[in-house]
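**Student:** Here is a sequence together with a model predicted from it:
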Amino acid sequence: MNIKFVARKILASFLTLLAITFVNFAIFRMVPGDPIRMMFKDPRVSIEDIEAMKVKYGLDKPMMGQYINYMKNLAKGELGISFWQKKPVGKVIAERIPRTLGLIGLSLFLAVVIGTILGAVAGWKGGSKTDSAIMGISMTLYSVPSFAFGILLMLAFAYHFAIFPLGGIETPASGFTGIRKIFDIARHMVLPSFSIVLWYIGQYILITRSSMKDVLSQPYIVTARAKGVRERRILTRHALRNAFLPLITITGVNIAFMTGGIIEAETVFSWPGLGRLFYDAVMKRDYPLLQGCFLVFAVAVVILNFAVDLLYTRIDPRVRINGEAVNEG
């Protein structure tokens, strides 16, 4: 691995995170609404009490003063105290991360497997009725947002047929433990995960099909066929292996950019993860919690992009940066 390449990537990632902290701080303060006023349900609360709360949370200072305090706390690993939950933001987020990771992991696995298989078949059968049918399905799935899938799935399988729960992470007051509790959580996970899967399947079908058709036109595939190599062997040993390379990049990016789908799915199905927490924090103008959630998502994007760049250069030795081989030195 080229040390200069890695060093440049680390520096770029650091500068990106530095810029993110400023955007993270400023963007949510542009949202209309007074977070302190929203903390009080009683309109008779005095101006003095409101001003005292602003002093307590540091909102009485100018924007630059607030930003400096934010960066000082961030340097110490502190994300502040949630206006809404009155608890450290780091603790609130840590409670939600496992639930979101479980949803992302299941959704991405199913989307990659199903989408890759269908895309490979479409590319292999290019121009056939099978290809046309798969492409029609993928374009339809890709054009519909995940929250729409969520509502449709909820109406069909939770309301009309009542196969799965309407929402939440487990049945209230069920008293389930052990295997029964795991099964109950799994049942609640089915619909929100599939609302995300259905949208990402279309993307993976399109990418895999395009990559497969490109690989099949390469000279080494033509040579293998001329030598009489069986079609199945060409597909499994040559075409698929090279067609998977673009999927590595898009999968790494999708893990990070599933934020939008996660927020939509968790909100529709009341799944208590980071996405739902982010939505609730927006509605309550909880600046520290919003900044914490946004920072977690942003750091995930930067780290995963960095990891994908390194992984891609290891898998494909042809990759060169500025004319310099990445894997040398």
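**Tutor:** Nice, thanks for sending it over. Numbers count the residues shown, from 1 in each chain.
**Student:** I'd like to know how far the nearest residue to residue 246 once chain neighbours are set aside sits from residue 190.
**Tutor:** Using Cβ to Cβ, 6 or more residues apart in numbering and skipping the chain neighbours, the partner closest in space to residue 246 is residue 211 (4.9 Å). (Each C-beta comes from the backbone N, C-alpha and C, glycine too.) Remark: distance between residue 211 and residue 190 (Cβ to Cβ, to the nearest Å) = 30 Å.
**Student:** Residue 179 now?
**Tutor:** For residue 179, the distance to residue 190 equals 17 Å [Cβ to Cβ].
**Student:** So between these two, which is more surrounded?
**Tutor:** Each of residue 179 and residue 190 has its neighbours counted (other Cβ atoms under 10 Å); residue 190 has more, 17 against 8.
**Student:** Give me the residue ranges of the chain where confidence is low.
**Tutor:** 1-2, 33, 38, 41-42, 238, 252-253, 256-257, 259-260, 315-329 (pLDDT under 70).
**Student:** what are the ranges of the strands in it?
**Tutor:** Taking DSSP state E as the test, the strands found in the chain are 320-321, 324-325.
**Student:** Excluding sequence neighbours, find me the nearest residue to the residue positioned nearest the centre of the chain.
**Tutor:** Centrality entry for the chain: nearest residue to the mean C-alpha point is residue 258, 2.3 Å, by Cα atoms, centre = their mean. Using Cβ to Cβ, 6+ apart and skipping residues adjacent in sequence, the residue nearest residue 258 is residue 104, 5.6 Å away.
**Student:** what's the single longest helix in the protein?
**Tutor:** Longest helix in the chain by number of residues (criterion: DSSP state H): helix 178-216.
**Student:** Next, the buried residues of that one.
**Tutor:** Within helix 178-216, the residues scored as buried using 16 or more other Cβ atoms under 10 Å are 184-185, 188-209, 211-213, 215-216.
**Student:** Stretch 111-127 now?
**Tutor:** For stretch 111-127, by 16+ other Cβ under 10 Å, it's 111-112, 114-116, 118-125.
**Student:** do stretch 144-155 as well
**Tutor:** 146, 147, 149, 150, 153, 154.
**Student:** Over to stretch 240-252?
**Tutor:** Across stretch 240-252, burial judged by 16+ other Cβ under 10 Å covers 240, 242, 243, 244, 247, 250, 251, 252.
**Student:** what's it in contact with?
**Tutor:** Residues external to stretch 240-252 that are found in contact with it (Cβ atoms under 8 Å, 6 or more residues apart in numbering): 108, 112, 116, 120, 123, 203-204, 207-208, 211-212, 214-215, 218, 304-305, 307-308, 311-312, 315-316.
**Student:** how distant is the longest helix of the chain from the center of its chain?
**Tutor:** The chain centre lies 13 Å from the centre of helix 178-216; the measure is Cα atoms, centre = their mean, to the nearest Å.
**Student:** Pull the residues that contact stretch 197-210.
**Tutor:** Contacts for stretch 197-210 (Cβ under 8 Å, 6+ apart): 107-108, 110-112, 114-116, 118-120, 122-123, 126, 131, 134-135, 137-146, 149, 243, 246-247, 250, 254, 258, 261.
**Student:** can we see that at 6 Å?
**Tutor:** 107, 110-111, 114-116, 118-120, 122-123, 138, 141-142, 146, 149, 246, 250 (Cβ atoms under 6 Å, 6 or more residues apart in numbering).
**Student:** Which of these fall in helices?
**Tutor:** 107, 110-111, 114-116, 118-120, 122-123, 138, 141-142, 146, 149, 246, 250.
**Student:** and this structure, what are its domains?
**Tutor:** For the chain, automatic domain parsing gives the domain ranges 1-84+284-329, 101-283.
**Student:** mind putting the ones you listed in a markdown table, distance to residue 94 included?
**Tutor:** Below are the domains of the chain laid out as a markdown table (distance: least, Cβ to Cβ, whole Å):
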| stretch | distance to residue 94 |
| --- | --- |
| domain 1-84+284-329 | 10 |
| domain 101-283 | 10 |
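**Student:** Packed most tightly, which of the ones you listed would that be?
**Tutor:** For these, the largest average neighbour count (mean count of other Cβ atoms under 10 Å) is found in domain 101-283, namely a mean of 17.
**Student:** and the end-to-end length of that domain?
**Tutor:** 23 Å (Cα to Cα, to the nearest Å).
**Student:** If we ignore the residues flanking it in sequence, what's nearest residue 303?
**Tutor:** Once flanking residues are discounted, residue 303 sits nearest to residue 13: 7.5 Å by Cβ to Cβ, 6+ apart.
**Student:** ok, now how distant is residue 36 from residue 48?
**Tutor:** Taking Cβ to Cβ, one finds residue 36 at 12 Å from residue 48.
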